[in-house]
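Participant: Mind folding the following:
(4 chains)
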Number of protein chains: 2
Amino acid sequence: MTQDDTNTRPTLRDVARHAGVSLGTASKALNKAGTLRQETREKVLSAARELGFRPNDLAQALHRGQSFTVGLISNDSFGRFTMPIMEGLETVLHEAGIALFMCNATDDPEREKRHIDQLLGKRVDGLVFTGRRADRRPAPGLSLGGLPTLYVFSQGDEPGAPCLLPDDEGGARLATEHLVSLGRNRIAHVSGPEDFEAVRLRRRGYEAAVPTLDPDLVLHGPWSEAWGREAGARLLALPRKPDAIFAGNDQIARGIVEALRERQVGIPDDIAIAGFDNWTVMAEATRPPLTSVDMNLKTLGEEAGHRLIRMIKGEKLTGTTRLPCTLVPRASTQPTA
Amino acid sequence: MTQDDTNTRPTLRDVARHAGVSLGTASKALNKAGTLRQETREKVLSAARELGFRPNDLAQALHRGQSFTVGLISNDSFGRFTMPIMEGLETVLHEAGIALFMCNATDDPEREKRHIDQLLGKRVDGLVFTGRRADRRPAPGLSLGGLPTLYVFSQGDEPGAPCLLPDDEGGARLATEHLVSLGRNRIAHVSGPEDFEAVRLRRRGYEAAVPTLDPDLVLHGPWSEAWGREAGARLLALPRKPDAIFAGNDQIARGIVEALRERQVGIPDDIAIAGFDNWTVMAEATRPPLTSVDMNLKTLGEEAGHRLIRMIKGEKLTGTTRLPCTLVPRASTQPTA
DNA sequence: TTGAAAGCGCTAACAC
DNA sequence: GTGTTAGCGCTTTCAA
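Facilitator: Sure thing, here's the model as predicted:
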């Protein structure tokens, strides 16, 4: 450690003293503002370097009334969905010199309230809510006083709240059309619990793209491999078996694949399978690897960052935007490739 | 919105004015400090409530020279390991009124440096490094000036750096002893790449507990299900097959299970299997469900929080501490239960 | 070109 | 009991 081991860092005043100039001069030199003699500027800069000076953003924020800080409230325990969103968000915000305060609300409204309160105390310039599932969530029991607020992979309760979501319906259509393009016309859909909005939307996308709709071919259950296995078995027991299956997520898809595999059904030759989420550890470990719909969550996070920055600049954004999903084809729908 | 929609929040001075008292009095009332008449206190509190007053932590921090804020640097893209650590950490710190600033370094040293610089600017009271793997990481190319710093699931480069890690060796011993207690004595070990310290430690724990050591029964490869399947096949091709397998993680374990299952090997009757990580989506979806070693990462995060708080209070902590792992028994080692 | 001084919102020591 | 005041570290006029 070249520095002394105390936690008190040098102030601008220290730098000024060290350089033998006034406080204001030092400030100008470091902020490349005003007009200064090159020599003076150098003097200050080298003094700053020597002392290991780093301006105190807190003081700066206090002065400017802007903290260059944004809060993130998640109830996902920072899981699979929030992670990539956060990553995209963080990248964009960091680029703009904005740091991210992260809080985990874990569905406890009391705790969420305390978190928001803490963030307000830190005078965050904006707030992002995100969640485990893209459904509507109750409004925070706290006045946000016009603070720029954005919901990502999650929906606000207040009307017109700006929301950013994946286009589940479009993604489902994409997957179904892909199966249709393979020449399949008896396409089943095995999905999750119907109280998820995403489940209803994906089903709608499926229904829009499927050639003929057979209610026997649509099954709902929990989000699990076990359910996928059970559903796979059921579909095989049908008098007229499907020739393709679009699953509501990759876990279900994997369960289906295993059920078929054990019964010597050829994938994709007899039955082609597509999943949703493009959860790579799952999709790639499946045999054969799983074609899946990617929600592009990182992009969603990046877009959230851009929008939040615009809102912080004063722009008013409202309403729900859905960003397109992408199909990632793998062997479970592609015979040879 | 009951509040006006501007982002300028009321200050303490506003509250004081509204309550018809002085600034100092208002401060005392809100901080429950000094001696005040009950009536005055009430007056101030209700004024504060009316205006929706929330003290500005930035100003407070500036005054006190403490920000009640801690930075977290991760290179895990906030994945499977960092998540539970973060959750534990956040819980404990929040209890102490400390907020968590989160940064994603993604193995880019330049970006990590910028992040640390930003955190120093925010005058964080401490720093936590965490990572994707528990190995030594290069020191940040930046003087931290005596800032309390803690490594969790990750190791600092500087000698004596305080590190908090799971006891991989003990966990491996636990799993192996469990298999021995089942009466198995030909126990194989299939693990990940040897350049992971965790792999070497787990192997050491295995070697310490295994009844007889047969080099043919120890296999290293990538962290994947595919490798598990391949290793499973290899072990079954051995002239003297194992009667139990301890896998270096749950993905490998699952691959092994699938390989055995396809070859009609009874699990656990013929061969018992244990994994590592207790990654529930994986362990529970395996058939039969997987016995696995849990690293208790949330506890690790909590302990990190407690230690960091002690360090912030001025205590000096050094050296590496390893926290115990736990065995979570499931059907892959338990015949009937 | 540089210095002096006011003030961001809050706390704490000291008057009254 | 309550009011006044001096800063915390920085930016930004305004004077010199």
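Participant: Quick check: residue A:296 touching residue A:327?
Facilitator: No - between residue A:296 and residue A:327 there is no contact under Cβ atoms under 8 Å: 11.1 Å. (C-beta placed from N, C-alpha, C; glycine too.)
Participant: Compare neighbour counts for these two and give me the winner.
Facilitator: When residue A:296 and residue A:327 are compared for neighbours, residue A:296 comes out ahead with 20 against 16, by other Cβ atoms under 10 Å in any protein chain shown.
Participant: give the contact list for the more buried one.
Facilitator: In this structure, residue A:296 makes contact with A:166, A:323, A:324, A:325, A:326, judged by Cβ atoms under 8 Å, 6 or more residues apart in numbering or on different chains.
Participant: Buried ones among the residues you listed?
Facilitator: With burial judged by 16 or more other Cβ atoms under 10 Å in any protein chain shown, the buried subset of these is A:166, A:323, A:325.
Participant: Identify, from those residues, the entry nearest to chain B.
Facilitator: The shortest approach to chain B among the buried ones among the contacts of residue A:296 belongs to residue A:166, at 19.1 Å (Cβ to the nearest Cβ).
Participant: Please give me every residue in contact with the closest one.
Facilitator: Residue A:166 is in contact with A:134, A:153, A:295, A:296, A:297, A:300, A:322, A:323, A:325, counting by Cβ under 8 Å, 6+ apart.
Participant: Looking at stretch A:104-113 now, give me its mean pLDDT.
Facilitator: Here stretch A:104-113 scores 81 as its mean pLDDT.
Participant: Now find how far off-centre that stretch is within its chain.
Facilitator: Its chain's C-alpha centre lies 19 Å from the corresponding centre of stretch A:104-113 when counted by Cα atoms, centre = their mean, to the nearest Å.
Participant: so how far is the lowest-mean-pLDDT helix or strand in chain A off the chain centroid?
Facilitator: Here the helix or strand of chain A ranked lowest by mean pLDDT, DSSP states H and E is strand A:99-104, holding a mean of 87. The gap between where strand A:99-104 is centred and where its chain is centred comes out at 14 Å by Cα atoms, centre = their mean.
Participant: just stretch A:121-131 next, same as before
Facilitator: 15 Å.
Participant: That one and chain B in contact?
Facilitator: Yes - in terms of Cβ under 8 Å from any Cβ of the partner chain, part of stretch A:121-131 sits within range of chain B, namely A:121, A:122, A:123.
Participant: quick one: buried residues of that stretch?
Facilitator: Applying a neighbour-count criterion of 16+ other Cβ under 10 Å, the buried positions in stretch A:121-131 are A:121, A:122, A:123, A:124, A:125, A:126, A:127, A:128, A:129, A:130, A:131.
Participant: now do stretch A:237-255
Facilitator: Taking 16+ other Cβ under 10 Å as the basis for neighbour counts, the residues of stretch A:237-255 that come out buried are A:242-255.
Participant: go on, stretch A:131-145?
Facilitator: Taking 16+ other Cβ under 10 Å as the basis for neighbour counts, the residues of stretch A:131-145 that come out buried are A:131, A:132, A:133, A:134, A:137, A:140, A:144, A:145.
Participant: Now intersect those with the strands, please.
Facilitator: Using DSSP state E, no member of these sits in strands.
Participant: Spatially nearest residue to the residue in the stretch 151-300 of chain A that DNA strand D sits nearest to, not counting backbone neighbours?
Facilitator: Scanning the stretch 151-300 of chain A for proximity to DNA strand D using Cβ to the nearest atom of the strand identifies residue A:162 as nearest, at 29.3 Å. Counting by Cβ to Cβ, 6 or more residues apart in numbering or on different chains, residue A:317 is the residue found nearest to residue A:162 once chain neighbours are left out, at 4.5 Å.
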